[in-house]
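Asker: could you look at this predicted model? Sequence included:
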Amino acid sequence: MQEDWVTIGQVMLQLVNEYFPVKELKNYMSEFITFKMEGHFPFGQLVILHYQMYDGQSKDIFQAAAGVELMILSLDIFDDLQDQDNFTVPWQKNDHAVAMNIATGLLVLSTKALDHTSFERDRKIMANDYLDTQVLKAINGQHTDLMDLIESEEDYIQMVRGKSGSLMASACLVGTTLASEKHHDSVNKYAEHIGIIAQIKNDINDISRWDEKNDLINKKKTLLTLYLLKNQQPQYQFTRDYFSGKLMKGELIKDKVKIQELIEKSGALEYARVIMRLNQLQAIELIDSMGIVQEWKEKLVQYI
């Protein structure tokens with residue numbers, strides 16, 4: 001049986017072929033979609049999971065899932081162009097004006113994909129409204145991140161709830177809405193927790209890799225770097241010196257072995273894992289309270 005993510009990718013490629021007659025543009029979009037297929041389209045799979053969880057039967061759910069993944073891809077492109085901390089993706093190899101035009105096209109195509117399904121009109125309107133609302137939340141979260149407006153754990157969680165949690169919620173809500181009029185509030189809440197969990201996992205991984213994705217090198221405020229900034233022990237002064245510009249990037253990287261040891265001894269990793277675990281427990285509690293069969297609960301917990 002063909003995996004759902006393969007079908008999602010095929011539908012995305014078909015939509016690009018249908019709506020973008022300019023050959024070069026179509027080729028770029030197809031290349032980007034094929035690259036994203038390596039990740040197996042987790043957002044699209046969440047759309048399908050939630051639709052089937054509420055007894056949805058239409059094969060058009062694959063086009064709805066493709067629409068959500070087109071939206072995610074467009075935002076990934078914008079995010080990488082803005083952050084300039086990920087140079088392994090194919091869109092970074094293009095002129096940025098071209099990449100932005102592609103991202104804009106994919107974003108518009110995402111709602112067009114959902115419009116051209118056979119679901120009831122009211123359900124499609126609500127699903128597209130959820131998409132629009134969650135993208136607006138993500139843009140607000142991204143702005144907070146870009147402008148370095150994070151000073152506390154509360155600021156960080158609020159930013160991540162907007163930036164990552166809202167996108168996770170968009171996928172879950174689209175699938176739910178197309179099959180059911182119930183449970184939207186609970187789905188939104190646990191989906192936001194899942195987004196927060198995923199982001200904290202990324203942050204834990206990123207602080208241990210000494211390349212362009214390292215949040216410390218990029219002076220990004222995360223739970224871990226905030227923890228290091230607030231550590232008043234003299235051996236952690238390097239964090240405040242680096243963020244303030246007193247310590248240069250080259251000097252930081254030169255001492256990376258020593259600094260990595262200090263990070264691991266600081267308690268920052270344990271602190272981030274505790275916050276992640278709290279969100280996991282809250283998500284599990286919400287899922288357990290849902291009136292769905294155990295099989296679906298187990299599938300949802302796999303995302304936590």
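Answerer: Arrived safely, thanks for sending.

Asker: what stretches of the stretch 1-150 of the chain score poorly on pLDDT?
Answerer: 1-2 (pLDDT under 70).

Asker: let me see the mean pLDDT of stretch 204-213.
Answerer: Averaging pLDDT along stretch 204-213 yields 89.

Asker: export that stretch as PDB, just CAs?
Answerer: Taking C-alpha atoms only, stretch 204-213 is exported to PDB below (Å, rounded to 0.1, in the frame of the first residue of the first chain):
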ATOM      1  CA  ILE A 204      18.200  21.000  22.300                       C
ATOM      2  CA  ASN A 205      19.700  19.500  19.200                       C
ATOM      3  CA  ASP A 206      20.800  22.800  17.700                       C
ATOM      4  CA  ILE A 207      22.800  24.000  20.700                       C
ATOM      5  CA  SER A 208      25.000  20.900  20.500                       C
ATOM      6  CA  ARG A 209      25.800  21.300  16.800                       C
ATOM      7  CA  TRP A 210      28.600  23.700  16.000                       C
ATOM      8  CA  ASP A 211      27.500  24.900  12.500                       C
ATOM      9  CA  GLU A 212      25.300  27.600  11.100                       C
ATOM     10  CA  LYS A 213      22.200  26.100  12.900                       C
END
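
Asker: so what touches it?
Answerer: Stretch 204-213 has contacts (C-beta atoms under 8 Å, 6 or more residues apart in numbering) with 85-87, 214-218, 222, 224-225, 253, 256, 260, 263, 268-269, 272-273, 276. Quick note: C-beta positions are derived from backbone N, CA and C, even for glycine.

Asker: buried ones among those residues?
Answerer: The neighbour count (16 or more other C-beta atoms under 10 Å) marks 85, 214-217, 222, 224-225, 263, 268-269, 272, 276 as buried among the contacts of stretch 204-213.

Asker: so of those residues, which ones are in helices?
Answerer: L224, T225, I263, A268, L269, A272, M276 (DSSP state H).

Asker: three-state assignment of the closest residue to the fifth one other than its chain neighbours?
Answerer: Counting by C-beta to C-beta, 6 or more residues apart in numbering, I204 is the residue found nearest to L269 once chain neighbours are left out, at 6.2 Å. Of the three states, I204 takes helix under DSSP: H, G, I helix; E, B strand; the rest coil.

Asker: closest to Q235 out of the buried ones among the contacts of stretch 204-213?
Answerer: Closest approach between the buried ones among the contacts of stretch 204-213 and Q235, by C-beta to C-beta: I263, at 10.9 Å.

Asker: any idea how far N140 is from the closest one?
Answerer: Per C-beta to C-beta, to the nearest Å, I263 is found 30 Å from N140.

Asker: okay, strands next: where are they in this protein?
Answerer: Under the criterion DSSP state E, the chain contains no strands.

Asker: who does the top helix by length along it touch, helix- and strand-wise?
Answerer: The helix spanning the most residues in the chain, taking DSSP H as the definition, is helix 121-146. Helices and strands touching helix 121-146, by 3 or more C-beta pairs under 8 Å, 6 or more residues apart in numbering; DSSP states H and E, are helix 61-83, helix 96-115, helix 153-160, helix 166-177.

Asker: may I see those helices arranged in TSV, with distance to F20 and mean neighbour count as well?
Answerer: Putting these into TSV (distance: least, C-beta to C-beta, whole Å; neighbours: other C-beta atoms under 10 Å) gives the following:
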stretch	distance to F20	mean neighbour count
helix 61-83	12	24
helix 96-115	7	18
helix 153-160	33	18
helix 166-177	23	28
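
Asker: what sits against L46?
Answerer: M168, A171, C172, G175, A191, Y303.

Asker: ok, 7 Å please
Answerer: Residues near L46 by C-beta atoms under 7 Å, 6 or more residues apart in numbering: A171, C172, G175.

Asker: show me the contacts for the first one.
Answerer: It stands for A171. With C-beta under 7 Å, 6+ apart, A171 has these contacts: F43, L46, V47, V68.

Asker: pretty sure the third one sits against L173.
Answerer: Spelled out, it's V47. No. Using C-beta atoms under 7 Å, V47 is not in contact with L173; the gap is 9.1 Å.

Asker: mind checking how far the nearest residue to A138 once chain neighbours are set aside is from Q199?
Answerer: Leaving out its chain neighbours, the residue that sits closest to A138 by C-beta to C-beta, 6+ apart is S166, at 4.9 Å. Separation of S166 from Q199 (C-beta to C-beta): 12 Å.
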